[in-house]
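In: Pasting the sequence and the predicted coordinates here, then a few questions.
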Amino acid sequence: MGQLALHDSRGRTPHDCRRLTDALNGVRRRLRRAARRELARRTRLRACLSLVLLLLLTHAPDAALAQSGRNKPPTTGTPRGEAQRPRIVNPLPQPTATPTAPASTADADADAPARPPANTATTPPPTRPASAPAASSTTPVTTGASVNPTEIDEDEVVQIHSNLVPVPASILDAQGRAVTDLQLKDFELSVDGVRREIGELSRSETPVTMALLFDNSSSLRAGREFEVKAAVHFFKTVMRPVDRAAIYSVSTVPALVRPLTSDVNALVRTVEHFDKPEGATALFDAISVAAAYLKPQTGRKVIVIVSDGTDTISDLDFDKTLEHALAADCQIYAVQTGHSDNTNLRDLAAERRLQEFAAQTGGAVYVPRGHSDLDRAFEQIAADLAQQYILSYYPAEERRDGRFRTFSLRIPTRQGLRVRTRRGYYAPKS
């Protein structure tokens, strides 16, 4: 008998249908990326127009006085160069004229993951011209200078480059309880199978710099009110005066809606006033952008994801996103929302990706079974951060080849303990 061929009403075989479906999916992806590029272009254009308008308003009185021959009356207060310094505040341009004092913090190299650190320190000049703002396609920029003094201008930092690799570790006993009485002599660190010396050991008093990635796409409309309340409770109970946090809205295009700040009230207002969930989910892109934003900071760097883990439109894939997070020394915690006991309704691949993000970076994934468990999930993250050990490793003898180095951390002095830490780091490249 001859081979039986199946055809639809138009004479197409299943193979033809699959090829047509793949072609249509490719067209959809290209259209989505084109829409995102157009949105980014418009965002940069609005920022530039706002800056030009601000410059015209600033210098117009000076030009009028010069033409009339009159001397400008003496003024007091902050020089114009400082008053008009651009700041990252929120997605909408709101130029004001209230001066603020520049913030200063330690800054590591924020270039590509394989770039080697230097041994020099540079300090920015005391003033910055208003004509040189920083614009980004994923981070909304404004030129206003009326900012909470605790918010950080990422262009005004003291750059201190160091070979230090932080190794945050959570130690649990057989019952899952945190072990908090260990000393430096109890730890044994191996890098690529070779035992290495640990420089020092600190505890939870180390400041935390955090980025909350809040899934604001159309896939998470159900239960949004409960998620907002849990996030508000998290900020109110976790944040200390030495800690800072930023908030990203994860949708078709990730957006920084609240820059780094220690103002808990500002963080709460941002979460409470999120726009209506809509659009696709660019989760991988958001993680990469947040990692790059946190990379220049010192101390512990944590990314907290509130999402079901599904990614529908990112340009980056999982491996490249994980590489960026590890290169920035970030821990990833996730509160996985939208859980269902019915496996047919769950995105199992997305769940595995969240688990892998956390396992590779030394974080954890918490899966609330219902709305009542959301607060408990955030409380578990807060408890984990409060009970961590921070080990300092200085890789002075290793080659600068940009390759990934694997970590192995043990507690040889005690039996039955479970160690949760990052799996390794990327060496600098000379």
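Out: Sure, I can see it.
In: the helices in the chain, which residues?
Out: Using DSSP state H, the helices of the chain run over 14-68, 80-83, 224-238, 264-272, 283-294, 318-327, 348-361, 374-386.
In: What ranges in the stretch 201-350 of the chain fall below the confidence cut-off?
Out: Residue ranges of the stretch 201-350 of the chain with pLDDT under 70: 204, 219-223, 339, 345.
In: Any idea how many residues pack against residue 230?
Out: For residue 230, the neighbour count with other CB atoms under 10 Å is 23. (C-beta placed from N, C-alpha, C; glycine too.)
In: Make 37 the first number, not 1, from now on.
Out: I'll keep to 37 as the first residue from here, and by that count the last item is residue 266.
In: residue contacts, it?
Out: When contacts are counted by CB atoms under 8 Å, 6 or more residues apart in numbering, residue 266 touches 371, 410-411, 413-414.
In: how about the nearest residue to it, chain neighbours excluded?
Out: residue 410 (3.7 Å; CB to CB, 6 or more residues apart in numbering).
In: Same question for residue 311.
Out: Per CB to CB, 6+ apart, closest to residue 311 is residue 252, 6.8 Å.
In: Quick check: that neighbour touching residue 286?
Out: Yes. In this structure, residue 252 is within contact of residue 286 by CB atoms under 8 Å, at 5.9 Å.
In: Can you tell me how far residue 282 is from residue 63?
Out: 35 Å (CB to CB, to the nearest Å).
In: Compare these two and say which is more crowded by neighbours.
Out: residue 282 (25 against 10).
In: Which residue, neighbours along the chain excluded, lies closest to the residue most central in space within the chain?
Out: Note on the chain: the residue nearest the mean C-alpha position is residue 326, at 2.1 Å, using CA atoms, centre = their mean. Nearest residue to residue 326 in three dimensions, chain neighbours excluded: residue 247, at 4.1 Å (CB to CB, 6+ apart).
In: got the contact list for the one you found?
Out: 281-284, 326, 329-330, 338-340.
In: Tell me what it is bridged to.
Out: residue 282, residue 339 (DSSP bridges).
In: just the one 4 residues further on next, same as before
Out: Using DSSP bridges, the bridge partners assigned to residue 251 are residue 286.
In: Surely it and residue 286 touch.
Out: Yes. In this structure, residue 251 is within contact of residue 286 by CB under 8 Å, at 4.9 Å.
In: what's the overlap in contacts for those two?
Out: In contact with both residue 251 and residue 286: 317, 319, 343, using CB under 8 Å, 6+ apart.
In: Please indicate which of the residues you listed are buried?
Out: 317, 319, 343 (16 or more other CB atoms under 10 Å).
In: and residue 251 and residue 286? which has more neighbours close in?
Out: Using other CB under 10 Å, the more surrounded residue of residue 251 and residue 286 is residue 286, with 29 against 26.
In: okay, residue 426: pLDDT?
Out: In the predicted model, residue 426 carries a pLDDT score of 91.
In: just to revisit the earlier point, quick check: the two most widely separated of the contacts of residue 266?
Out: 371 and 411 (10.4 Å; CB to CB).
In: The two: which is more packed in?
Out: Legend: neighbour count by other CB under 10 Å for residue 371 and residue 411, higher for residue 371 (25 against 17).
In: who's in contact with that one?
Out: 266, 340-343, 402, 404, 410, 413-414, 417.
In: Redo these as TSV? Include distance to residue 387.
Out: Output for the contacts of residue 371, formatted as TSV (distance: CB to CB, whole Å):
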residue	distance to residue 387
266	19
340	17
341	12
342	15
343	11
402	12
404	13
410	17
413	15
414	19
417	18
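In: Kindly indicate which of the residues you listed lies nearest residue 215.
Out: residue 417 (18.1 Å).
In: Surely that closest one and residue 270 touch.
Out: Yes. The pair residue 417 / residue 270 is scored as a contact, 7.4 Å apart, by CB under 8 Å.
In: Now the common contact residues for those two.
Out: residue 340.
In: More neighbours: these two, which one.
Out: residue 270 (26 against 20).
In: Residue 293 contacts residue 307, doesn't it?
Out: No. Applying CB under 8 Å as the test, residue 293 and residue 307 come out as separate, 9.2 Å apart.
In: any residues in contact with both of the two?
Out: Taking CB under 8 Å, 6+ apart as the criterion, residue 293 and residue 307 both touch residue 283.
In: What residues does the nearest residue to residue 454 once chain neighbours are set aside make contact with?
Out: Excluding its sequence neighbours, the residue lying closest to residue 454 (CB to CB, 6+ apart) is residue 208, at 4.6 Å. Shown in contact with residue 208 (CB under 8 Å, 6+ apart): 214-215, 453-454, 456.
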